[in-house]
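In: Have a look at this prediction, sequence included:
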Amino acid sequence: MVTYDLKKDKKTPLYLGLYDNLREDIRAGVLRAGERLPSKRTLAEHLGVSVVTVDAAYKLLIDEGYAVSRERSGYFVAKIAPGPTAPARAGKPARAVKTKPPADLGFRFSSLTKLMREVITEYGERLLMKPTATGCRELREAIAGFLLRYRGMRAEPERIVVGSGAEYLYGMLVQLLGREKLYAVEDPGYMKIRRVYAAQGARVTLLPLEGDGVASAALADCGADVLHVTPYHSYPTGITASAEKRREYLSWASMGERVVVEDDFDSEFALTRRPQETLFSMDGGERVVYLNTFSHSLAPSMRMGYMVLPERLMEEYEEKLGFYACSVPLFDQYVLAEFIDRGLFERHLNRVRRKLRNM
């Protein structure tokens, strides 16, 4: 039976530690496809934790496609696809999470206005300086810290590019990757993605969605160079890509000079579990561009987003687009950096999630 030291990292909840250990053993083949997992009570007694802890970890494994539950039989390791030709898991579409804008859920303007006054006082003449092209260092470091704490992503500040919202960054990606490339997007999907790509002169192809992500056959035959997906919460369907499907995306990208754009829409509002591991983390940052925005997590008026580029693309960005000035005012960047560093952003997200659970 598996044995893990779940108490060595006091900052990580026990159920997440157990989930992480089981997931890695499944990936490494220590726990093989079809193998029965210990019962919740047996594993709880073996590890010296509560049954609730094991139950929460097993539910996460099932949500992510690493395990399956069979009635009256128990829990079993799921089959994880080794490559792009493996058939997709026939899953049910995830229900769309109906959320109101955070501003409608009690955004605390008093905290923000107080912070703005403090930034003006503390930063003084620094606010009059021209920001670096990729965004001020303070904000990029704050974003990197947040991604590590909340998404388990190791994103170097030097590879983060700040811009005025997701739509602006979509356009920058076309300029970076090339208008001659074929861009594949989800269908149905967020309409502005395809419209921005087309407006930039890029060719766009639509890939139909199945229960757990882009249809395997369509992906294999699309001939695209760039795949733009929203694996956590595809809008408007609410579909979440399974672990098997996300591995398929990465396997597709490994053939040739392909790129996956991971649009991490809505992940901040995971209500019942920690957001799934990002494609960027699974890939090691070689073929995936991670992209997110604060327009949804804070307010639509907050026209600020960011992308994390693979090292090779960061070098190309500096060569091709490094002459662009950052499109976000420096004052806004400093305010957001302080908002994140002081823990105000995560407290805001926690308040919103609590209210959404009760809706």
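Out: Right, received. Where do you want to start?
In: And the helices in the chain?
Out: Ranges of helices in the chain, per DSSP state H, are 14-28, 40-47, 51-63, 109-123, 137-151, 166-177, 191-199, 216-221, 243-253, 279-283, 294-297, 311-321, 330-341, 344-357.
In: So, low pLDDT: which residues of the protein?
Out: 7-12, 63-64, 80-107, 270-275, 356-359 (pLDDT under 70).
In: Show me it divided up by domain.
Out: With automatic domain parsing as the criterion, the domains of the chain are listed as 14-77, 109-357.
In: what's the span of the shortest one from first residue to last?
Out: Spelled out, it's domain 14-77. Using C-alpha to C-alpha, to the nearest Å, one end of domain 14-77 lies 20 Å from the other.
In: Next up, the contacts around the most centrally placed residue in the chain.
Out: Centre of the chain computed as the mean C-alpha position; nearest residue by C-alpha atoms, centre = their mean is residue 264, 3.8 Å away. Going by C-beta atoms under 8 Å, 6 or more residues apart in numbering, residue 264 touches 151, 230, 231, 232, 278, 290, 291, 292. Bear in mind the C-beta positions are built from the backbone N, C-alpha and C, glycine included.
In: Against residue 260, how distant is the last one?
Out: Separation of residue 292 from residue 260 (C-beta to C-beta, to the nearest Å) stands at 15 Å.
In: With the fifth one instead?
Out: In this view, residue 278 and residue 260 are 11 Å apart by C-beta to C-beta.
In: what residues are shared contacts of those two?
Out: Counting by C-beta under 8 Å, 6+ apart, the contacts common to residue 278 and residue 260 are residue 288.
In: Residue 5 and residue 60: what is the separation?
Out: Residue 5 sits 19 Å away from residue 60, going by C-beta to C-beta.
In: Quick one: closest of the helices of the chain to residue 206.
Out: helix 191-199 (7.2 Å; C-beta to C-beta).
In: Quick one: distance of stretch 184-195 to the chain centre.
Out: The chain centre lies 17 Å from the centre of stretch 184-195; the measure is C-alpha atoms, centre = their mean, to the nearest Å.
In: how long is that stretch from one end to the other?
Out: In terms of C-alpha to C-alpha, the two terminal residues of stretch 184-195 are separated by 12 Å.
In: ok, and what's touching it?
Out: So stretch 184-195 is contacted by 167, 170, 197, 204-209, 214, 219, 222, 224, 226-230, 234-237, 263, 265 (C-beta under 8 Å, 6+ apart).
In: Which entries within those meet the buried criterion?
Out: Among the contacts of stretch 184-195, those classed as buried by 16 or more other C-beta atoms under 10 Å are 167, 170, 197, 204, 207, 209, 214, 219, 222, 224, 226-230, 234-235, 237, 263, 265.
In: quick one, which of residue 5 and residue 60 is more surrounded?
Out: More crowded of residue 5 and residue 60, by other C-beta atoms under 10 Å: residue 60, with 22 against 9.
In: Assess the claim that the more buried one and residue 20 are in contact.
Out: No - between residue 60 and residue 20 there is no contact, the gap being 9.3 Å when judged by C-beta atoms under 8 Å.
In: what bridges to residue 69?
Out: Here residue 69 sits in beta bridges with residue 75, going by DSSP bridges.
In: Could you verify my assumption that it touches residue 77?
Out: No - look at residue 69 against residue 77 with C-beta under 8 Å: they stay out of range, at 11.6 Å.
In: Just give me the neighbour total for residue 257.
Out: A total of 10 residues lie near residue 257 under the criterion other C-beta under 10 Å.
In: dump the residue contacts of the nearest residue to it once chain neighbours are set aside.
Out: Using C-beta to C-beta, 6 or more residues apart in numbering and skipping residues adjacent in sequence, the residue nearest residue 257 is residue 225, 7.3 Å away. Contact analysis of residue 225 by C-beta under 8 Å, 6+ apart lists 177, 178, 181, 182, 183, 256, 257, 258, 259.
In: 6 Å instead, please
Out: Taking C-beta atoms under 6 Å, 6 or more residues apart in numbering, we find residue 225 in contact with 181, 182, 258.
In: now residue 18
Out: With C-beta under 6 Å, 6+ apart, residue 18 has these contacts: 6, 57.
In: how does it look with 10 Å?
Out: Each residue near residue 18 by C-beta atoms under 10 Å, 6 or more residues apart in numbering is listed here: 2, 4, 6, 12, 43-44, 47, 49, 53-54, 56-58, 60-61.
In: what does residue 330 give?
Out: Counted by C-beta under 10 Å, 6+ apart, residue 330 has contacts 123, 126, 127, 128, 129, 130, 131, 132, 135, 136, 138, 139.
In: Buried subset of those residues as a ChimeraX selection?
Out: Filtering the contacts of residue 330 down to the buried ones (16+ other C-beta under 10 Å) takes a single ChimeraX command:
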select :123,131,135,136,138,139
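In: could I get the contacts of residue 330 as CSV with distance to residue 188?
Out: Below are those laid out as CSV (distance: C-beta to C-beta, whole Å):
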residue, distance to residue 188
123, 44
126, 45
127, 43
128, 46
129, 44
130, 41
131, 37
132, 38
135, 32
136, 37
138, 38
139, 33
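In: Would you mind checking which of the contacts of residue 330 is nearest to residue 31?
Out: Of all these, residue 31 sits closest to residue 139, with 40.9 Å by C-beta to C-beta.
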